[in-house]
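[1] what would the 3D arrangement of this be:
(chains A and B)
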Amino acid sequence: MHITGWTVALAALGAVPAALTQSRTVAWAWVIGVVVLALVDVWLAPPTHAVGVRREASGSVRLTQSTATRLTVANVGRRRARGAVRDAWQPSAGASGDRHAFALAPGETATFRTMLRPTRRGDRHAGPVTVRTFGPLRLAGRQRSLEAPARLRVLPEFASRRHLPSRLVRLREIDGRTAVRLKGAGAEFDSLRDYVIGDDVRSIDWRGTARRGEVVVRTYRPERDRRVVIALDSARLSAARVGDAPRLDASIEAALLLAALASHAGDRVQATAFDRAEQARAASTGSRIVATLADALAAVEPSLLEPDWPALVRLVESRVSQRSLVVLLTTVDTSAMDSGMLEAVAALQRRHQVLVGSVEDPELGELMAGRADADAVYDAGAASRAMLEREAVATRLRQLGAEVVLALPDDLAPAVCDRYLALKAAGRL
Amino acid sequence: MTAPAAAPPSPPEGLVTTARGPGLRARARRGRLGIVAAVLLLGLVAMLVIGARPGDYVPLSTENSTPTGTRALAQILRAHGVEVRQVDRLARSAVRDPAATTVVIAHASLLTGGQLRSLVDYPGDLVLLGESGDALAALGIEATEEPVLLPETVEAGCADPDALAAGTARVDVLGLEPTGGTAELCFTQRSGLAAFARADDGARTVTAIASAELLTNAGLDSAGHAALAIRSIGAHPEAVWYVADGFDPSLLTWVGSGGGEVPTEVEATPDFLPPGTGTALYALALAVLVAAFWRARRFGALVREPLPVEVRASEATRGRARLYRRARATGRSAASLRAAAALRMGRRLGVGRADGRDALLGAVARATGRAETDVDRLLYGPPPADDAALLSLISELDALESEVHRP
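    Numbers count the residues shown, from 1 in each chain, chains lettered A, B, ... in the order given. As a prediction, the model looks like this:
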């Protein structure tokens, strides 16, 4: 049960007779009378089981965008029902206007919309729907909470998609679909065409020239249908905050942009998020990969575990049988020395091309530039030491043949894509 | 084709409703044990509340059985057939017959002006105990109260029959110093302070016992104290006992004080605010209780939010910086900064780490036009000894690096 503000107002009105009679008995009698009236009102209120609710499936929404969720309220009782419902959601679902008043005749239904503007990635769950019915006097009523589970999947923001058009232009250049022809692009034979001055004489196809009587050159194009495996490290180090988001979020941005670009380039993309075990998996061809990947990665949360690198190697080996580009979005750190990351990269590099992407902390750059006083210089010394240690690991990775991209959170996605394009242009995929 | 005229709209699919709960009787049957336990607990709490009345520790109160109380005196008076009635508000005294009642006021100095005037108007006998202040002069005893520095037991030394019957009494704590008037002072010690004073204006007597210690449970059985107390207070068949507390503004009431019947408590309490304000506030306070129930009932429970881990990536580096600072590790900091600068300059000039120290020195010297020994001192020189040396080294190193990076 619950009481309304009217009950309080009516109780406060008791001050008038109490002042006139100057009797506390009258004050008590008034308040007890009001309470009895409220109890009678509760008794007269429609029962809560006469009201049914239904939540519509909410689907998904991109972070920073808003959506509406629908709540249907039906009167399944025999009497007219007047009341209110609260459509409760987690605070991070950003629900506004989640209370709705209703007045329904028997058998009637009403549908309400609650605006949601989520503030965090992942699955946002709805709380119970609370139903209040009012008695005829509007003094009090009954209240009951109903479990009507609903889930809103909040997809990653994919803010890096603004980098996609410029990367697609680059891709078309290498692909030979633009007017501008790039020398040495790709390794796969495409077609023969007439020689024009400026072409590399090494690309002249002598057999064709002999057959045609004119000098013809071979043209190449980048390989298509390559395999790209994106592995996101969702373990301990990915939980650390860089700027105001965890490292994992920057990795997800990079994975999405790379997947979009690679799918345009005709490559087959699959992705996995792992720590001790695989947390999420997405594989698809064509343009659907971005949506699939965003949906799969939305619910991945960093875990405070050490990553199991040998298990990742086994996972990748079981998923791809041919040479692929393995993109490891992780953290290059001194702990890589003893966590088995180097061994894993070495093992993967034997059959595949490995690209390691790591998020740099802008705060380290600020610390390294500090010169204000002796304390700031000690900070700079510590930051420099950290940078040197990271460089040493990166150098070790490069010696193993892997490509290493260290970039600030906002720059990681375009930097990884640029490296991918460079690898593609050089025919190293 | 005729459409069904009044087909009730069918409820939508997938509707969630609460199950119809069990009736009141079923619920009571199921929770029988709980109800019994609750009733027992309630009874226990009620018994404890009723049984545990706080003890009375107010000095000179007839309920107080400690040495400062007057319970012994009250019991002796009752044994002598005097009805002793203690009131906690002056207005509750409601004296029926002033001629047959003694009104005892302890600590009369705490009385308000209005209360004093009602005492002056009262036609019956009065006894003032302890410090009385302005009440003495108002009731016809011209004396001031002084602290007793030399307590002693003295003879009555006056013509008052009660004092003579008591014989001796101890002057202690507080005494009366006469300032004229007709009141009779008894038990006067050497410094001139009296323990007892009595003024008789023909219609009534006003007795002041300034040394009230002689009435307490502790002092009643010594000297002639018991006789003095019993004769002073037990002169009439009824005694109304009031210990002033300063929080009670109500007036003394007796038959005739309101012009006929005994006035009610409300009438005997002087008002500072319009009549009824107190009760109105009382009613509003009850409404506040109702408002608390209104606000306390939430519209559904809070929804739990699993919070993410909040660890800054730079925390390990900051911790290491604090260690450097605490240890004043100038050498280690300088080495790190030098190595970082060398790495950046080497990258800029195309000198790899593997090329060695001499290759880097030569390249930097060529790029900046500095002497190779100077560059060597900056990049590979001895570690700085203190903070000042570290700061100057780093500023020189920054200057060198900016020269290398100059286009």
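[2] state which strand of chain A is the longest.
    Ordering each strand of chain A by length in residues (DSSP state E) puts strand A:122-134 first.
[3] in its sheet, what does that one sit against?
    Paired neighbours of strand A:122-134 in the sheet (DSSP bridges): strand A:81-89 (antiparallel), strand A:140-146 (antiparallel), strand A:151-155 (antiparallel).
[4] mean neighbour count, mean pLDDT and distance to residue A:265 added to those, as TSV?
    Just so you know, the C-beta spots here come from the backbone N, C-alpha and C atoms, and that holds for glycine as well. TSV is the format used below for those (neighbours: other CB atoms under 10 Å in any protein chain shown; pLDDT from 0 to 100; distance: least, CB to CB, whole Å):
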stretch	mean neighbour count	mean pLDDT	distance to residue A:265
strand A:81-89	23	93	40
strand A:140-146	22	91	50
strand A:151-155	21	91	23
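[5] re the thing from before, give me the distance from the longest strand of chain A to the chain's centre.
    Computed by CA atoms, centre = their mean, to the nearest Å, the chain-centroid distance of strand A:122-134 equals 24 Å.
[6] nearest to residue B:282, of the strands paired with strand A:122-134?
    strand A:140-146 (23.5 Å; CB to CB).
[7] give the contact list for residue B:118.
    The neighbours of residue B:118, taking CB atoms under 8 Å, 6 or more residues apart in numbering or on different chains as the test, are B:90, B:251, B:252, B:257.
[8] select from the residues you listed the one having the most neighbours.
    residue B:252 (29 neighbours; other CB atoms under 10 Å in any protein chain shown).
[9] would the helix-or-strand element of chain B with minimal mean pLDDT count as contacting chain A?
    The helix or strand of chain B with the lowest confidence, counting by mean pLDDT, DSSP states H and E, is helix B:24-30 at a mean of 78. No - if you take CB under 8 Å from any CB of the partner chain as the test, helix B:24-30 misses chain A, and the best it gets is 11.0 Å.
[10] what separates the next helix or strand after that helix from the chain centre, distance-wise?
    Following helix B:24-30 in sequence order, the next helix or strand is helix B:32-51 (DSSP states H and E). Taking CA atoms, centre = their mean, one finds helix B:32-51 lying 30 Å from the centre of the chain it belongs to.
[11] which bits of the stretch 101-250 of chain A sit near chain B?
    Residues of the stretch 101-250 of chain A lying near chain B (CB under 8 Å from any CB): A:106-109, A:120, A:125-130, A:132, A:143-148, A:239-242, A:246-247.
[12] related to what we said a few turns ago, mind putting the contacts of residue B:118 in a markdown table, distance to residue A:267 and pLDDT included?
    Compiled in a markdown table, the contacts of residue B:118 are given as follows (distance: CB to CB, whole Å; pLDDT from 0 to 100):
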| residue | distance to residue A:267 | pLDDT |
| --- | --- | --- |
| B:90 | 100 | 85 |
| B:251 | 101 | 85 |
| B:252 | 105 | 86 |
| B:257 | 108 | 74 |
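[13] now the residues you listed in CSV, with secondary structure and distance to chain A?
    Below are these laid out as CSV (DSSP: H, G, I helix; E, B strand; the rest coil; distance: CB to the nearest CB, whole Å):
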residue, secondary structure, distance to chain A
B:90, helix, 20
B:251, coil, 18
B:252, coil, 22
B:257, coil, 20
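[14] now the two most distant members of these.
    Checking the contacts of residue B:118 with CB to CB, the most distant pair is B:90 and B:257, at 11.2 Å.
[15] buried ones only from the residues of the stretch 101-250 of chain A next to chain B, please, as a ChimeraX command.
    Buried residues within those, by 16 or more other CB atoms under 10 Å in any protein chain shown, are selected in ChimeraX with:
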select /A:106,108,109,120,125,126,127,128,129,130,132,143,144,145,146,148,239,240,241,242,246,247
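[16] so what's residue 349 up against?
    Using chain A here. A:400, A:401, A:402.
[17] try chain B instead
    B:360, B:363, B:364, B:367, B:404.
[18] how about 10 Å then?
    Residues counted as contacts of residue B:349 (CB atoms under 10 Å, 6 or more residues apart in numbering or on different chains) are B:359, B:360, B:362, B:363, B:364, B:366, B:367, B:404, B:405.
[19] for residue B:119, same thing?
    So, once contact is read as CB under 10 Å, 6+ apart, residue B:119 ends up touching B:90, B:103, B:105, B:108, B:111, B:126, B:128, B:135, B:138-139, B:206, B:251-252.
[20] mind listing what's buried along the helix or strand harbouring it?
    Element membership for residue B:119, per DSSP H and E: helix B:113-121. Residues B:114, B:115, B:116, B:118, B:119 are the ones in helix B:113-121 that count as buried (16+ other CB under 10 Å).
[21] need the contacts of residue A:349 in CSV with secondary structure, pLDDT and distance to chain B, can you?
    Listed next are those as CSV, based on DSSP: H, G, I helix; E, B strand; the rest coil; pLDDT from 0 to 100; distance: CB to the nearest CB, whole Å:
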residue, secondary structure, pLDDT, distance to chain B
A:400, coil, 93, 16
A:401, coil, 92, 17
A:402, coil, 93, 18
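[22] returning to that earlier point: helices - which of the contacts of residue B:119 land there?
    B:135, B:138 (DSSP state H).
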